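Visitor: the following comprises the amino acid sequence and a computationally predicted model.
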Amino acid sequence: MPDLLLELFSEEIPARMQRQAAEDLKKLVTNALVDRGLVYEGAKAFATPRRLALTIVGLPVRQPDTREEKKGPRVGSPDQAVQGFLKSAGLADIAQAKIESDPKKGEFYVAIIEKPGRPTIEVLAEILPGIIRGFPWPKSMRWGAASASPGSLRWVRPLRSILATFGAETEDTEIVPFEVDGLKAGNITYGHRFMKPDAITVRRFDDYVTKLEAAKVVLDADRRKEIIKADAQNLAFAQGLELVEDEGLLEEVAGLVEWPVVLMGAFEEAFLDVPAEVIRATIRANQKCFVLRKSDGSLANRFLLTANIEAKDGGAIIIGGNERVIRARLSDAKFFWETDKRVWAEDRDFKRLEKFRNVTFHEKLGSQWDRIERIRALAKELCAVTGADPNEVDLAARICKADLLTEVVGEFPEVQGFMGRIYAGQIGLPASVAAACEEHYKPVGPNDRVPTDKVSVTVALADKLDTLVGFWAIDEKPTGSKDPYALRRAALGVIRLVVENGLRLAVIRLLRIHDVQLRMTLAHKTIAKRQSVIDAAGTGKANSVALVLDKLVLGDVEAPAGIWDLLSFFHDRLKVMLRDSGARHDLVDAVLANGEANDDLLLVVRRVEALGKFLETEDGKSLLAGAKRATNILRAEEKKDGEGAFEAASDPALLTEESEKALHAALSRAGEAAMVALEKPDYEAAMRAMASLRAPVDAFFDAVMVNADDPAIRKNRLALLATLRRVTRQVADFTKIAG
Amino acid sequence: MSVPAPLDPTKSFQGLILTLQNFWASKGCVILQPYDMEVGAGTFHPATTLRALGPKAWNAAYVQPSRRPKDGRYGENPNRFQHYYQYQVILKPSPPNLQELYLESLYAIGIDPALHDLRFVEDDWESPTLGAWGLGWECWCDGMEVSQFTYFQQVAGQECAPVAGELTYGLERLAMYLQGVDNGFELNFNGLEGDRKVTYGDVFRQAEEEYSRHNFEYADTEKLFRNFSEAEKECLALLKAGERPEGERHAQVLPAYDQCIKASHAFNLLDARGVISVTERQSYILRVRELAKACGSAWVKTEAGGA
């Protein structure tokens, strides 16, 4: 069966786009083929800085033939209808149509449309131009003389040539005959830009890969990555050093070369005064080089660069050039580092934080200064919960963003937080305060570590809660896949901080207070503006202007309806978190259905855990069945007697059977015990109380007929079941639990 | 290469410039002289900004002294100057072998591709003040950015049809690499040695010191604010005066564009003096852009703009 080889050869494709583009190419071509009845055995796509390539193996030579019957009008229909049918069925004369009959419809025309399958190569020639024209590059451009006309071909960078061959393994291949904006597909590609730039004639994927390799091009990005990594490790090992691995950098570097050659360079020992993270960030961001560490873990004064050529001199000049650049970059970094240290040492009162007044945090949420003030206020409230030292917390909250003003962070945003910690430590601030400068951003993702130091925990919570309350207040919530302010991450962060540190935090109260504060500060600004506008309007118009403005102002201080919405956002995140950790999220629903606010996230989690454990026991499973049965009976009977018909306490005098007396007694004991336990809260004890119900419930259902003939007894028994429902619901709504 | 040192791109700063001039002249470019106004980059020269617009072919190359007042370091930083040179090439429409031409120009100045690691690394170019953007690369030689390579997609708010290719060489940095010096002021300017040697520092260090003082301390901010507003006003007034009835060409774009350049430089100085707040900064950039756009849309109604 024949194979397709397609290569789109262009000027240098941005490294970050290559992998996705290769995948897109594969998907677009294979989907288009399958849509046209052409199924294949396998497909693989590749990318280098200068080419996207696709191989599809095991395609049929031609499409399968198709046969379609098209029903037409009744025999004897008006000519217009017949003509219309001929046109749509592609027939020249009605004599070419068959006549069929149907008991209902009578005799009618049927056209048999037989389409012979077309050769695959023709289908390819038809679909490829459209795929190339509509290719989903994140950013594309026009170029050259053709760009004078509208609708000219767009590509990520100028597209230089197209290679497209098709044919069976044992035969010669054919060129797929198509053209896009004057670029005619052929069987020619080109080797390495500098080492082997000549044209190469290619037949199919096998010789394509081999010939490219001979022309100093490694087609497969994953192989380039392996080569770089292995060579880097070997070079490091030879010097008794260890490569500091960096997957993101490796991926990028593999997208910058067709023929990777790893070389080692060095920089002056003196630069090692600068924190290792800053050196690494400098060398990584600007030079795309790897750094190395010594056996004691400290940074070595070496780096690894990945060149794209085997230089005549073995790379000495390339290394020298890179060393010069890195020296200049590290000199800058060192200068930044020393400037920052001096600023922190001199301005110990942090007067420079005033600059934050002029830095916008968000257009509708005020300046960075406003935000820090809010974080401070919230952190102060939180101290009661976390037990952190309020003075340390306030200092930490105040300076936690101070490193954003430093030269180093200005140059390398990725070391924000970390630098704050270093600089704060340098000027002798308490270790907890310094740590909070870094840790208040944590946890950054579901796998990131959660801080445990009380000061860090407090500021981290305040930072995230302020973000959430703020963006909720201005109605910038995440929708679908869009979450530009990483609010889901912030909410998950809050949950993990609370749960993993065992904090009892009534979120609603805090959110409301904070929400009011936020709205008041925002409104103050509006009010100040209002006054200035009214003053400017002059006495004549002042009243009507004020009226219009007040509408705007009041709109800003509306009651915080969104707070409950925000809480349910937390609950959703909680479900996702529990589900991801393997817990049953139906248990979360069951627990949340207890009719309370459930804004103490720690308690929700504890309750879910206790419930999960309980349901794994025999008592739990059996009680679940009993409680469900009771609820089902109640539902059925409530349909007859009405909602709430059995909510009155059952009358002990009407209890006739031993087992119902026993259940009655058990329920009042367990109800009491559960209530006390939940109050504490001690969920294990609450579950033990539930467990004590299992035997009496089972015995009750074995021996007692609920729907007794005597209506008073029936009602009393149903009241007993309603009590069971109420008692169990204190812990969870069992009907929401699966199984 | 057996050229005398004063003409040798690897031995003198002027040799580098002369070699590039010869190279691009031999490739059919009009070799222009620097624009006679203070600009922040070679792109501001009307030979690029305005000539990039419209359907007519245009190939030009020139050196452009560029001023970035904020980059002044009182002559103390060997890599950062408030005045430096860019070598600018503009080719419209972008020829199919533009990358090869560019690489050939590197070979001409003494960069051997068998010894050096030359790379095209993604860098999308955007000039908010000029209302311009394009896609291209920073060109790396052994890890150092030596040029900017851009396919203009839009300039002065106008779509480029056809697209022009723009090359910008950072001359000081390139010369430092070719001459093997780490300090820009130590660049050999004239290629001579001993008493007759003139360095980049001999020519420019005093200027760096004086202009840094001017840019950061003494430039008259009130006057500059005034200059900005006046230039803005005049730019628009000149464009309006040059408008002609439907079907006739616009009569006055170049003088108006000069005012746009003046406004931009006044803004750069005010920015260096630290008298423009973050929020205001954005609005000043927008105001300059509006001028550039107005000039762009008038330019395409002139003869050179293809009308």
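Guide: Yes, it's here.

Visitor: tell me how far the residue nearest to residue B:35 when sequence neighbours are not counted lies from residue B:52.
Guide: Using Cβ to Cβ, 6 or more residues apart in numbering or on different chains and skipping the chain neighbours, the partner closest in space to residue B:35 is residue B:45 (4.4 Å). Using the backbone N, CA and C atoms, a C-beta is placed for each residue, glycine as well. Going from residue B:45 to residue B:52 by Cβ to Cβ, to the nearest Å gives 10 Å.

Visitor: just residue A:256 next, same as before
Guide: 29 Å.

Visitor: of these two, who's got more company?
Guide: residue B:52 (27 against 23; other Cβ atoms under 10 Å in any protein chain shown).

Visitor: need the pLDDT of the residue nearest the centre of chain B.
Guide: Centroid check for chain B by Cα atoms, centre = their mean gives residue B:42 as the closest residue, at 1.3 Å. The score at residue B:42 is 95. That number is its pLDDT.

Visitor: need the residues of the stretch 151-300 of chain A near chain B, please.
Guide: Residues of the stretch 151-300 of chain A lying close to chain B (Cβ under 8 Å from any Cβ of the partner chain) are A:156, A:157, A:158, A:160, A:194, A:256, A:287, A:289.

Visitor: got phi/psi on the nearest residue to the third one once chain neighbours are set aside?
Guide: Of all residues beyond its chain neighbours, the one nearest residue A:158 is residue A:143 (4.4 Å), with distances taken as Cβ to Cβ, 6+ apart. The phi and psi values for residue A:143, taken as degrees, to the nearest 10, are phi -160, psi 170.

Visitor: now swap in residue A:392 and tell me
Guide: Dihedral angles (degrees, to the nearest 10) for residue A:392: phi -60, psi -40.

Visitor: which non-adjacent residue is nearest it?
Guide: That would be residue A:455: by Cβ to Cβ, 6+ apart, it lies 5.0 Å from residue A:392.

Visitor: from the stretch 101-250 of chain B, which residue is nearest to chain A?
Guide: Closest residue of the stretch 101-250 of chain B to chain A, Cβ to the nearest Cβ: residue B:142 (2.6 Å).

Visitor: hang on, residue A:575 in a helix?
Guide: Yes: assigned with DSSP: H, G, I helix; E, B strand; the rest coil, residue A:575 falls within a helix.

Visitor: now the stretch 151-300 of chain B, which segments are flagged as low pLDDT?
Guide: B:278-279 (pLDDT under 70).

Visitor: what segments of chain B are helices?
Guide: Along chain B, counting by DSSP state H, helices occupy B:13-26, B:46-49, B:98-108, B:171-179, B:200-213, B:221-242, B:254-272, B:278-299.

Visitor: and the ones you listed as a markdown table, adding mean neighbour count?
Guide: Shown next, in a markdown table, are those (neighbours: other Cβ atoms under 10 Å in any protein chain shown):
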| stretch | mean neighbour count |
| --- | --- |
| helix B:13-26 | 19 |
| helix B:46-49 | 24 |
| helix B:98-108 | 18 |
| helix B:171-179 | 22 |
| helix B:200-213 | 17 |
| helix B:221-242 | 16 |
| helix B:254-272 | 23 |
| helix B:278-299 | 19 |
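
Visitor: now the helices for the stretch 501-650 of chain A?
Guide: A:507-556, A:562-580, A:585-592, A:601-616, A:618-641 (DSSP state H, counting those that start in this stretch).

Visitor: those into TSV, with extra columns for distance to chain B and mean pLDDT?
Guide: Output for the helices of the stretch 501-650 of chain A, formatted as TSV (distance: least, Cβ to the nearest Cβ, whole Å; pLDDT from 0 to 100):
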stretch	distance to chain B	mean pLDDT
helix A:507-556	14	62
helix A:562-580	28	86
helix A:585-592	42	85
helix A:601-616	38	88
helix A:618-641	59	88
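
Visitor: let me have the ones you listed in TSV, extended by mean neighbour count.
Guide: Listed next are the helices of the stretch 501-650 of chain A as TSV, based on neighbours: other Cβ under 10 Å:
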stretch	mean neighbour count
helix A:507-556	14
helix A:562-580	18
helix A:585-592	21
helix A:601-616	20
helix A:618-641	17
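
Visitor: mind checking the ones you listed for the one nearest to residue A:293?
Guide: Residue A:293 sits nearest to helix A:562-580 of all the helices of the stretch 501-650 of chain A, at 33.2 Å, using Cβ to Cβ.

Visitor: any idea how far residue A:109 lies from residue A:103?
Guide: 17 Å.

Visitor: so between those two, which is more surrounded?
Guide: residue A:109 (23 against 5).

Visitor: counting contacts, what elements does the one helix or strand the more buried one maps to pack onto?
Guide: For residue A:109, the host element (DSSP states H and E) is strand A:106-115. Other elements packing on strand A:106-115 under the criterion 3 or more Cβ pairs under 8 Å, 6 or more residues apart in numbering or on different chains; DSSP states H and E are strand A:66-74, helix A:79-89, strand A:98-102.

Visitor: list of residues touching the last one?
Guide: Meaning strand A:98-102. Outside strand A:98-102, the residues that touch it by Cβ atoms under 8 Å, 6 or more residues apart in numbering or on different chains are A:75, A:107, A:108, A:109, A:110, A:111, A:112.

Visitor: measure stretch A:209-223 end to end?
Guide: 12 Å (Cα to Cα, to the nearest Å).

Visitor: so for that stretch, what gets flagged as buried?
Guide: A:209, A:211, A:212, A:215, A:216, A:217, A:218, A:219, A:221 (16 or more other Cβ atoms under 10 Å in any protein chain shown).

Visitor: how far out from the middle of the chain is stretch A:302-309?
Guide: Distance of stretch A:302-309 from the chain centroid (Cα atoms, centre = their mean, to the nearest Å) equals 33 Å.

Visitor: where in chain A is the helix or strand with the lowest mean pLDDT?
Guide: helix A:507-556 (a mean of 62; mean pLDDT, DSSP states H and E).

Visitor: beta partners for residue B:86?
Guide: For residue B:86, the beta-bridge partners are residue B:64, residue B:170 (DSSP bridges).
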